[in-house]
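>>> Sequence plus predicted model, see below.
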Amino acid sequence: MSTVETQIQVQLPDGNKKTLDAGATAADLAKSIAEGLFRKSVGALVNGEIKDLYTPLNDGDTVQLLTPDNPESLELLRHSTAHVMAEAVQSLFPSAKIAIGPSIQDGFYYDFEIPDHSITPQDLEAIEKRMLEIAKENQRIVRYNIPDVDKQIDEFQKQGEKFKAELLLEHRDHDPTLYLMQDKDGNTVWNDLCRGPHLPGTKDIKAFKLLKVSGSYWRADESRERLQRIYATAWWSKKDLEDYLKRLEEAEKRDHRKLSKQLDLFSVHEEVGPGLIFWHPNLATVRDTIEDYWRQEHRRRGYSFVYTPHIANEQLYKISGHLENYGENMYSPMDIDGEDYRCKPMNCPGHIMIYKSKLRSYRDLPVRYAELGTVYRYERSGVLHGMLRVRGFTQDDSHIFCTPEQLEGEINDVLDLIDSLMTTFGYKYKAYLSTRPEKSLGTDEEWEMATNGLENAMKARGLDYEVDEGGGVFYAPKIDIKLFDAIGREWQGPTIQVDLNLPKRFDVTYIGEDGNRHQAVMVHRAVLGSMERFCGGLIEHYAGRFPTWLAPMQVAVLPISDRHQERAKELSEALRKQDIRVHLDDRPETIQYKIRDAQMEQTPYMLVIGDKELEDNVVAVRHRQGGMVGTMKFEEFLEKIKTEIQNREA
RNA sequence: GCCGUUGUGGCUCAAUAGGUAGAGCUGCUGUUUUGUAAACAGCGGGUUGCAGGUUCGAUUCCUGUCAACGGCUCCA
């Protein structure tokens, strides 16, 4: 480090260099470029990291000033708004102790411990009001290096800010900083232990909304203090805020539980038990169609279908290790003839039993078993959620047994299967490779073989992926695929794991070319995940408007009056014979009423039959989204819809 | 499981400062025979999640419980 430099040089995003006085901050840089830029700047990206606007720069730094036009600046705004919220909460509830308040996707939260009060929705309004006042005061947010950590810890202790004291103790060697909120006279009115970064002041904080209150734990640890968390969102402009709230509304409209009531899709019954799904005919049709497609795709790719029992002697799960590692999620044993049996929580042991039912040669491999296997898992009552989180569900499960040499090729095939299924449903996706975690079974060589198998297959396909270092499960590296739905929301999608545990526990082997026994490589994979979650997600993805090939009802035939019934009936039967799901609405209702009903049920096509159609021997085709399509020969319509279904058009 | 909120006919929602609930849609019946998102009329339908308690009286207040919802946590 040079000691007597009087000038520094920084690099700007456009590649130009700028010379500044030593000790200059990002703010100085902004000023030196343009006064307007300075006024707009709220922070800076220094060597790729978000920093305060008043961060001193060093020689050689690459600096990009952040204004509200940069998406990164939202993080600054949200984190700063979180501080304002905490300040407001403490001013309204003096007994509140602050924990942490990070920015998260689309917003932020802050955790509090308030011993004598539970925050209500009405409180949120009051807090918002106080926040607006603080923002209006344009308090300055000033970074302050803690000179004497012990003294500051004492200070926090005295104030009862035990969480801050605990954090500071932990970060004492990381140059801890406070952020001070100062009024216009420079008096500090509030402070928070925080590494930042923050906006220079609160004046730009104006478009925010507190969304909900929930419970949480200090450090996400159930054995520690219970906290109250306020979730909120913040944006640079009122318009952005409104757009975001609209998006939330849109998501709410797509809620599969809500759509289920409108479209008669599924139900859950208190008398039966939470988390247990009843599939009504409409959704059962969708599922059945998906399953047919699923079977076809698997058959074509050399999978064999198997069925395994729903209960098993718990010995099986002792061998598999599920009882030991997964026991909390399994249902209590039932006594059958003095033996303890369990509901199956996973399909793998069953598939292994089939594999092991005879001696396998390397010539038999790979063996690919697939099952739409229904499993039951205990989920804590608070986590159940519609069809997305349930206690009984059917996995589209498969286990591939192969040799180490075959692994990469098998993974490649699975990735190909995933691609065709996800593309058909219109999901975009992204792959993540999770590697060996700290606590894990198996040898380095095994992990390397398995991880390479996964990674090489992705590389071979040119599939983009991110690596989640150490994110694997204790017995397997895995590929997780995240799906992005029609409105850009993320869903957990397909998963592939190379199991390094079960083949050993069950002694899963094959006879190699050399005549010796070798341990088989075992791959678990699910593409849809579970039928429950997948279909629940699909409802939201399509907003209840299933594409024609999946739609519970594909065509509504609507005669205008009684004299058109006969022809309508004839057409419905012709459609039914072609395996098209058709509903003849022969009620004595007006055509408007029948159309409205079919629209509400999201029937893709409506065929209106009246005098004109009889006379010209045509059908009047209406589509649920485009309205009137036009009149055409029935055969023409039939061909059109058959093609659409066959191609599984979106 | 924990924190918070909620729980009224099939659905959406109203009402009661404690005096045993009301509307629209749905359903059924009748009339209407209809031209691209709701014809008209009539009739049904709820011991206000469940169990206790307070009270002359509870759906309304209290306690417990179950479930749902929003999170925590976890995950297919």
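Arrived safely. Numbers count the residues shown, from 1 in each chain, chains lettered A, B, ... in the order given.
>>> all contacts plus neighbour counts: C-alpha atoms, from now on.
Fine.
>>> so what's A:Pro559 closest to, chain neighbours aside?
Nearest non-adjacent residue to A:Pro559, counting by CA to CA, 6 or more residues apart in numbering: A:Ile609, 4.7 Å away.
>>> A:Ser118 now?
A:Gln228 (7.7 Å).
>>> Return the residues in contact with A:Cys402.
Taking CA atoms under 8 Å, 6 or more residues apart in numbering, we find A:Cys402 in contact with A:Leu365, A:Pro366, A:Val367, A:Ala520, A:Val521, A:Met522.
>>> Give me the distance between it and RNA strand B.
22 Å (CA to the nearest atom of the strand, to the nearest Å).
>>> pLDDT score for that residue?
pLDDT recorded at A:Cys402 is 96.
>>> So what pairs up with it in the strands?
A:Val521 (DSSP bridges).
>>> so what's A:Tyr341 up against?
A:Ile311, A:Ala312, A:Asn313, A:Glu314, A:Pro333, A:Met334, A:Asp335.
>>> of the residues you listed, buried ones?
A:Ala312, A:Asn313, A:Glu314 (16 or more other CA atoms under 10 Å).
>>> Now the spatially closest residue to the last one that is not a sequence neighbour: which helix or strand?
Of all residues not flanking A:Glu314 in the chain, A:Tyr341 sits nearest, at 5.0 Å (CA to CA, 6+ apart). Here A:Tyr341, judged by DSSP states H and E, is contained in strand A:339-343.
>>> re earlier: quick one: pLDDT of the residue nearest to A:Glu314?
95.
>>> Could you do A:Ser2 as well?
So, for A:Ser2, pLDDT stands at 49.
>>> Ok, A:Arg301 next?
So, for A:Arg301, pLDDT stands at 96.
>>> got the contact list for it?
A:Asp413.
>>> The same query, at a cut-off of 10 Å, please.
Neighbouring residues of A:Arg301 by CA atoms under 10 Å, 6 or more residues apart in numbering: A:Arg295, A:Arg368, A:Asp413, A:Val414, A:Asp416, A:Leu417.
>>> any idea how far it is from A:Asn412?
12 Å (CA to CA, to the nearest Å).
>>> And A:Ala82, by the same measure?
From A:Ala82 to A:Asn412 the distance is 45 Å (CA to CA).
>>> Counting neighbours, go ahead and name the busier of these two.
A:Ala82 (27 against 20; other CA atoms under 10 Å).
>>> thinking the more buried one is in contact with A:Tyr109, fair?
Yes. In this structure, A:Ala82 is within contact of A:Tyr109 by CA atoms under 10 Å, at 6.5 Å.
>>> Now the common contact residues for these two.
What both A:Ala82 and A:Tyr109 touch, as defined by CA under 10 Å, 6+ apart, is the set A:Ile100, A:Gly101, A:Pro102, A:Ser103, A:Ile230, A:Tyr231, A:Ala232, A:Thr233.
>>> Tell me which entries of those residues lie within strands.
A:Ser103, A:Ile230, A:Tyr231, A:Ala232, A:Thr233 (DSSP state E).
>>> Would you mind measuring from the last one to A:Thr81?
Pointing back at A:Thr233 there. 9 Å.
>>> Looking at those two, which is more packed in?
A:Thr81 (33 against 23).
>>> so who does the more buried one touch?
Contacts of A:Thr81 by CA under 10 Å, 6+ apart are A:75, A:87, A:101-103, A:107-110, A:131, A:135, A:198-199, A:202, A:204-208, A:232-235.
>>> Surely it is in a strand?
No. Under DSSP: H, G, I helix; E, B strand; the rest coil, A:Thr81 sits outside any strand and is assigned helix.
>>> in the stretch 51-200 of chain A, which spans are strands?
Assigned by DSSP state E, counting those that start in this stretch, the stretch 51-200 of chain A shows strands spanning A:63-66, A:97-98, A:103-104, A:107-113, A:140-145, A:177-182, A:188-193.
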